[in-house]
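Novice: predicted model follows, preceded by the sequence.
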Amino acid sequence: MSKVLVSDSIDQAGIDILSQVATVDVKIGLKPAQLLEIIGEYDALMIRSSTRVTQEIIEAGTQLKIIGRAGVGVDNVDVPAATRRGIVVVNSPEGNTIAAAEHALAMILALSRHIPDANASVKRGAWDRNSFVGAEVYKKTLGVVGLGKIGSHVAAVAKTMGMKLLAYDPFISTERAEQIGCQLVELDLLFQQADYITLHIPKTPETTHLINATTLAKMKPTARIINCARGGIIDEVALAAALKAGKIGGAALDVFESEPLGESELRSLGKEVILTPHLGASTAEAQVNVAIDVAEQIRDVLLGLPARSAVNIPGLGPDVLEELKPYMQLAETLGNLVGQLAGGRVEVLNIRLQGELATNKSQPLVVAALKGLLYQALRERVNYVNASIEAKERGIRVIETRDASIRDYAGTLHLEATGTLGTHSVTGALLGEREIHLTDVDGFPINVPPSKYMLFTLHRDMPGIIGKLGSLLGSFNVNIASMQVGRKIVRGDAVMALSIDDPLPEGILDEIIKVPGIRDAYTVTL
Ligand SMILES: NC(=O)C1=CN([C@@H]2O[C@H](COP(=O)(O)OP(=O)(O)OC[C@H]3O[C@@H](n4cnc5c(N)ncnc54)[C@H](O)[C@@H]3O)[C@@H](O)[C@H]2O)C=CC1
Ligand SMILES: O=C(O)CCC(=O)C(=O)O
């Protein structure tokens, strides 16, 4: 019989499901060294947010087939390490949506009416009605940062309380935002106009310290900020300083840069600050939902069935995966690339499957392309199971065409993304059995393997331009690994594709565009 380790507190409903197919050991509060010592015995690990599943734990888990996170965020699991070991990582993308949204709404009202401090004062024996005069949310402006599952529900409820809604989410269509009653705006405008700012975004390199001294300075001195998403999106030192200086009105935080929260200035602040110990998902209902959702997936995987919410590649059936894997990597890379070239919000994705890819079996390639396209928005939370649904929810129209005729390669994939900032296209193929090559960018023929950091330019094909760009990059200490120019006619327009060793330093794109003859430049990280 399989063995499952449950190392965080999980609702009994989940344990009952696991017990149908496995011996279940519940061991809560294990130290990392203790987990490391015993993990080798287990086929599955079920966790919430307290257990950190590091690469070391994954490597010691020689029998592990699946790690189940009873919740949304998988940032406490080293997903790439699990993927490399072929371990499925599953989560419960929707089980605690309502709980987290309601916690954010409770924070908005509690902050406005000083509920925690007023309650504490009555319990101390006082009857002080003057210190706790609050503010109404009716007709106030709520700025929702991240209009996904939780953000949308917060917005919908806030609407019914008579709040005016602004939202910032670069990956959501205007139509989708309007359906929820939100006006999509740029982040700066949201910061300037909102009375309440609520964060519902993942923590990514782009969102880390999104709220910092500079952005706090843009807010109204009465603005109240709520974070029930992830610690680290707010710079807590800057927030405490802004609150102390009266530069913003208040803050309610459920999540922290380091959990449990240690020494912090935030603890010393008064009724303008509410702190809760990561309780967003802590409702009886959500805990039953996530426990059942994840336990069912662990049960299925232990029985050899696919998981419905796998966040990494082994969630696909092994046969399909083996056959299509190289082409799926091609599709995902092209999706990621065209998404970054298009920038902004993509509204239409045209996918052309050519040659041997033009079969019904290649449907997973469309999903892989969408997964790549949505990676900038959702990071590791977009997977092969949810990519199509996520694209649909973002209002992205997907148009597929299949053309069985064989051109230069046995099979090519062409993606064209049209968004708020224009249209871009990329084509790619496999060289040999698995080497990915870009064969066309924006209609210009090239032949380069993609690399982690790339720079693309659109320029006039004229003498000296390559040298000027090379010198400019050199002056910023950027090392070029390879470079190729694609053109259709001599001295017409051309595209240059450069592989560079490191990310492009900030500000250099503006300099590149100033080089005479260069019309546009794009940097991408794959
Ligand atoms: N406090 C708690 O106990 C809980 C916290 N969470 C956290 O709440 C957050 C939101 O979760 P969901 O709504 O389920 O996720 P979701 O994936 O449905 O929505 C996230 C939204 O953020 C948007 N986004 C991504 N990058 C962005 C950026 N740079 N700027 C603006 N928008 C951006 C995406 O387009 C997406 O619409 C996650 O961080 C999750 O881990 C979730 C459940 C419980
Ligand atoms: O398990 C918990 O209580 C944390 C929930 C959470 O943060 C999530 O699901 O992302």
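Specialist: Perfect, thanks for sending it. Numbering: from 1, shown residues only. Ligands and ions are numbered 1, 2, ... in the order given.

Novice: okay, now the residue in the stretch 201-350 of the chain that ligand 2 sits nearest to: neighbour count?
Specialist: Taking Cβ to the nearest ligand atom, ligand 2 has its nearest neighbour within the stretch 201-350 of the chain at residue 281, 3.6 Å off. Quick note: C-beta positions are derived from backbone N, CA and C, even for glycine. Using other Cβ atoms under 10 Å, residue 281 is surrounded by 25 other residues.

Novice: A helix includes it, no?
Specialist: No: Residue 281 is assigned coil when assessed by DSSP: H, G, I helix; E, B strand; the rest coil, not a helix.

Novice: just the pLDDT for the spatially closest residue to it that is not a sequence neighbour.
Specialist: Of all residues not flanking residue 281 in the chain, residue 96 sits nearest, at 3.8 Å (Cβ to Cβ, 6 or more residues apart in numbering). Looking at residue 96, its pLDDT stands at 97.

Novice: and residue 96, its phi and psi?
Specialist: As for residue 96, its main-chain torsions (degrees, to the nearest 10) stand at phi -120, psi 20.

Novice: pretty sure it contacts residue 290?
Specialist: Yes: using Cβ atoms under 8 Å, residue 96 makes contact with residue 290 at a distance of 5.6 Å.

Novice: tell me which of those two has more neighbours.
Specialist: Using other Cβ under 10 Å as the criterion, residue 96 and residue 290 rank with residue 290 on top: 28 against 25.

Novice: could you confirm the more buried one falls within a strand?
Specialist: No: the assignment for residue 290, made by three-state DSSP, is helix rather than a strand.

Novice: residues contacting it?
Specialist: Residues near residue 290 by Cβ atoms under 8 Å, 6 or more residues apart in numbering: 11, 14, 70-71, 92, 95-96, 281.

Novice: okay, now whichever residue of the chain sits closest to ligand 1: neighbour count?
Specialist: Proximity to ligand 1, evaluated over the chain using Cβ to the nearest ligand atom, is greatest for residue 148 at 1.8 Å. By other Cβ under 10 Å, the residues close to residue 148 number 24.

Novice: separation between it and residue 97?
Specialist: With distances taken as Cβ to Cβ, to the nearest Å, residue 148 is found 9 Å from residue 97.

Novice: quick check, pLDDT for the nearest residue to residue 10 once chain neighbours are set aside.
Specialist: Excluding the flanking residues, the one nearest residue 10 by Cβ to Cβ, 6+ apart is residue 291, at 5.0 Å. Predicted confidence (pLDDT) for residue 291: 98.

Novice: count the residues that sit near residue 291.
Specialist: Residues lying near residue 291 (other Cβ under 10 Å) number 28.

Novice: which residues touch residue 289?
Specialist: 92, 94-96.

Novice: 7 Å instead?
Specialist: 92, 95-96 (Cβ atoms under 7 Å, 6 or more residues apart in numbering).

Novice: now do residue 157
Specialist: residue 105.

Novice: is it true that residue 64 touches residue 86?
Specialist: No: Residue 64 is beyond contact range of residue 86, at 9.3 Å (criterion: Cβ atoms under 7 Å).

Novice: next to ligand 1, which bits of this protein? Give me the list.
Specialist: Contact residues, the chain versus ligand 1 (Cβ under 6 Å from any ligand atom): 72-73, 96-97, 100, 145-151, 168-172, 200-202, 206-207, 228-230, 254-255, 278, 280-281, 377-378, 381.

Novice: mind giving me the domain ranges of this structure?
Specialist: Following the TED database, one gets these domains for the chain: 3-95+285-303, 96-275, 316-450, 452-525.

Novice: give me the element residue 121 is part of.
Specialist: Using DSSP states H and E, residue 121 falls within helix 115-123.

Novice: next secondary structure after that helix?
Specialist: strand 141-145.

Novice: closest point of this structure to ligand 2, which residue?
Specialist: For the chain and ligand 2, the shortest gap (Cβ to the nearest ligand atom) falls at residue 71, measuring 2.6 Å.

Novice: that residue sits in which helix or strand?
Specialist: Using DSSP H and E, residue 71 falls outside every helix and strand.

Novice: that one: neighbour count?
Specialist: 26.

Novice: these two touch, right, it and residue 49?
Specialist: Yes: using Cβ under 7 Å, residue 71 is in contact with residue 49, at 6.2 Å.

Novice: give the contact list for the most centrally placed residue in the chain.
Specialist: What sits nearest the mean C-alpha location of the chain, by Cα atoms, centre = their mean, is residue 378, with 2.4 Å. Shown in contact with residue 378 (Cβ under 7 Å, 6+ apart): 202, 390.

Novice: so, in contact with ligand 2 or not, the host helix or strand of it?
Specialist: Using DSSP H and E, residue 378 maps to helix 363-378. No: Helix 363-378 is not in contact with ligand 2 by Cβ under 6 Å from any ligand atom; minimum separation 13.3 Å.

Novice: packing partners of the next helix or strand after that helix?
Specialist: Using DSSP H and E, the helix or strand that follows helix 363-378 in sequence is helix 387-393. Contact here means 3 or more Cβ pairs under 7 Å, 6 or more residues apart in numbering; DSSP states H and E; on that basis helix 387-393 packs against helix 363-378.
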